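1. Coordinates for the following, if possible.
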Amino acid sequence: MNSFLPIPEDLSPTARLYILVRIAEGFAGGIYGVVFQLYLISIGFGSAEIGALGATSAIGLAVLSLPAGLLADRYGKAKIALLQAPLGISGLAIILSSRSFPMLQLAHLLLGMNGAVGMLWGPLYSVLFKRGDLDKAFSLLGSISILSSSMGNLMGFIPPYLVSSYGYSVEWSYWLLMAMAFMIWLVTISFNIMVLRKIHEPQIPKTTVSHLRSRRTIAKLCIIRSVEAFGFSVFFNLFPYFANKKFGVKSDVLGVLSSLTNFVSAVVQANAPRLSTRLGSLKSIGASVALCVPFYFLIPLAPDMTVMSVFYVARRAFKSSVDPLMSSFTMKVLEEEEKGTANGIISLVQQGTNIAGPWVGGRLMADVSLDVPAYLGATFFGIQAVMVLLMLKPEEEKILRKDAEERGRSS
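-> Below is the predicted model of the structure:
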């Protein structure tokens, strides 16, 4: 593992436990992600309904993101993060027990709220490391999470096997795999609580929105993250549906594609700190987004699943270094006492865009063409690349000044 994964200098026992929990959650998420939309198709839903469910999740995220951030900065991030468990349990239990579209919408609303609280894990994770180790820390976490998700994706072979060898229905085989993911997630809850008890948050002043010192920076991040969110969600939130309807693929093929893509992504993320060291954070982020745009445009033009898979993997490979570097950049540029609130604001605005993305993509696939959302999403990614380079230069200079001051104090 040390041969290619970026290992921070001080990887504490708490950080190790945190990462182990994310491995289990990544595996469960990989299982769930590769079968859920196919399960919805098997019980009679189309792109419009699937897009609406994605939009409902985004509504849940938007509703709770800012309150969760404000409460976290006032009462402690670890305390508020505990709310994630009941929200997630309720949402997944409804999905496993109901086929009613209104009930599935309620489940996705709860899962969206669960995700809003889950945004606090990023700031909590950053507390476990020195500023200089944050690029490595987030790249390590991203790489390992993706690898574990990749293993979960391979479970997509199970439903076709159950259907062909044991006569299970397609619907029931997908349901069983989702139930497996749910059980794994339940087991991780107790370990999450152990992690929260071990994290010692610094004593910081209480923050309100009006007292934020980084309001201009937060506004820029909100705009950039919203453009990114729409560019992704308008097409990739519906990708399993797209692949199934265009090429007739099922969970086994999607599982292999997701697993391969995740493995490539993990390798790229592991090398993100090296890229950042050579080019700087902003150039690395902007260049990575820009390079993935041509492959995004090519996905709907592919003549078959094999060619499309090449474009799909290439797009993800170039985009993979963005996520850890952007998370690290955000944690570095924000003041400690405003990270929870700022994350809540950014998430609120981002998820507001995510409400529109899946809904627009679903309607376009149903009423215009399966391909149009991909062209639209690629255009937004190109816009994001330009915005990162033009808008965040002052923030990069602020980070460099902070790093220089920290080095001066340590010497």
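2. what does stretch 268-287 rub up against?
-> Contacts with stretch 268-287, where a contact means CB atoms under 8 Å, 6 or more residues apart in numbering, come from 4-6, 135-136, 139-140, 142-143, 146, 288, 317-318, 320-326, 328-329, 385-386, 388-389, 392-393, 396, 399. Every residue, glycine included, has its C-beta placed from N, CA and C.
3. Show me which parts of it are buried, residue by residue.
-> 268-273, 275-276, 281-282, 284-287 (16 or more other CB atoms under 10 Å).
4. State the mean pLDDT of it.
-> For stretch 268-287, the mean per-residue pLDDT is 83.
5. Same question for stretch 248-258.
-> For stretch 248-258, the per-residue pLDDT averages 85.
6. before we move on, what about stretch 141-148?
-> Rounded mean pLDDT across stretch 141-148 is 85.
7. Need the residues that contact it.
-> For stretch 141-148, using CB under 8 Å, 6+ apart, the contacting residues are 5-6, 18-19, 22-27, 30, 125, 262-263, 265-267, 269-270, 272, 320, 323-324, 327.
8. could you redo the last one with a cut-off of 7 Å?
-> 5, 19, 22-23, 26-27, 30, 125, 262-263, 265-266, 269-270, 323-324 (CB atoms under 7 Å, 6 or more residues apart in numbering).
9. Which two of these have the greatest separation?
-> Tyr125 and Phe263 (22.9 Å; CB to CB).
10. I figured His250 hits Pro160, correct?
-> Careful, residue 250 is Lys; it's not His. Yes - assessed by CB atoms under 7 Å, Lys250 is found in contact with Pro160 at 5.9 Å.
11. What distance do you get for the nearest residue to Leu196 once chain neighbours are set aside to Arg197?
-> Take Leu196 and drop its neighbours on the chain: the residue closest to it by CB to CB, 6 or more residues apart in numbering is Ala78, 4.2 Å away. From Ala78 across to Arg197, the span is 8 Å (CB to CB, to the nearest Å).
12. So for those two, which residue has more residues nearby?
-> Legend: neighbour count by other CB atoms under 10 Å for Ala78 and Arg197, higher for Ala78 (20 against 10).
13. host element of that one?
-> Here Ala78, judged by DSSP states H and E, is contained in helix 77-81.
14. Off-centre distance for that helix?
-> 20 Å (CA atoms, centre = their mean, to the nearest Å).
15. From what I see, Thr61 and Ala116 are in contact.
-> Actually, residue 61 is Leu rather than Thr. Yes - with contact defined as CB under 7 Å, Leu61 reaches Ala116; the gap is 4.7 Å.
16. which residues are common contacts for these two?
-> Ser347.
17. quick revisit: contacts for the helix holding Ala78?
-> Ala68, Leu71, Ala72, Val117, Leu120, Trp121, Pro123, Leu124, Leu196, Ile199, Glu201, Gly340.
18. So which of these is the closest to Arg131?
-> For the contacts of helix 77-81, the nearest to Arg131 is Pro123 (13.4 Å; CB to CB).
19. Which pLDDT value does the model give that closest one?
-> On the pLDDT scale, Pro123 gets 82.
20. how many other residues sit next to it?
-> The tally of other residues near Pro123 (other CB under 10 Å) stands at 24.
21. how about it, what does it touch?
-> Lys77, Met331, Lys339, Gly340, Asn343.
22. How far does the host helix or strand of Leu389 sit from its chain's centre?
-> For Leu389, the host element (DSSP H and E) is helix 372-391. Computed by CA atoms, centre = their mean, the separation of helix 372-391 from the middle of its chain amounts to 18 Å.
23. ok, now stretch 228-239?
-> Distance, centroid of stretch 228-239 to centroid of chain: 12 Å (CA atoms, centre = their mean).
24. Just the terminal-to-terminal distance for it.
-> Terminal residues of stretch 228-239 lie 16 Å apart, using CA to CA, to the nearest Å.
25. Checking Arg99 next. Helix, strand or coil?
-> Using DSSP: H, G, I helix; E, B strand; the rest coil, the structure places Arg99 in coil.
26. Relative to Trp175, how far out is it?
-> For Arg99 relative to Trp175 (CB to CB), the value is 10 Å.
27. Compare neighbour counts for the two and give me the winner.
-> More neighbours surround Trp175 than the other of Arg99 and Trp175, with 19 against 13 (other CB under 10 Å).
28. Skipping adjacent residues, who's closest to the more buried one in space?
-> Tyr39 (6.5 Å).
29. Please identify the helix or strand for the one you found.
-> helix 13-42.
30. can you give me how far that helix is from the chain middle?
-> The answer for helix 13-42 is 11 Å, by CA atoms, centre = their mean.
31. Ok, stretch 245-254 next?
-> The answer for stretch 245-254 is 23 Å, by CA atoms, centre = their mean.
32. End to end on that stretch, go ahead and measure it.
-> Stretch 245-254: ends 13 Å apart by CA to CA.
33. same question, stretch 198-216
-> Stretch 198-216 end-to-end distance (CA to CA) = 34 Å.
34. returning to that earlier point: of the contacts of Pro123, which pair is most distant in space?
-> Lys77 and Met331 (12.6 Å).
35. more neighbours, those two?
-> It is Lys77, of Lys77 and Met331, that has more neighbours when counted by other CB under 10 Å, with 25 against 22.
36. Show me the residue sitting in the middle of this structure in space.
-> Compute the mean C-alpha point of the chain, and by CA atoms, centre = their mean the closest residue is Asp323, 8.3 Å away.
37. Let me see the confidence value for that one.
-> 80.
38. in what helix or strand does it lie?
-> helix 322-333.
39. and after that helix, which helix or strand comes next?
-> Next along from helix 322-333, by DSSP H and E: helix 339-367.
40. Now do that next one against helix 372-391, angle only.
-> 150 degrees (axes from the mean of the first three to the mean of the last three CA atoms, to 10 degrees).
41. low pLDDT regions in this protein?
-> Within the chain, the stretches with pLDDT under 70 are 1-5, 202-212, 406-411.
42. And the helix holding Tyr39, what does it pack against?
-> Under the contact criterion of 3 or more CB pairs under 7 Å, 6 or more residues apart in numbering; DSSP states H and E, helix 13-42 touches helix 134-153, helix 170-198, helix 239-247, helix 251-270.
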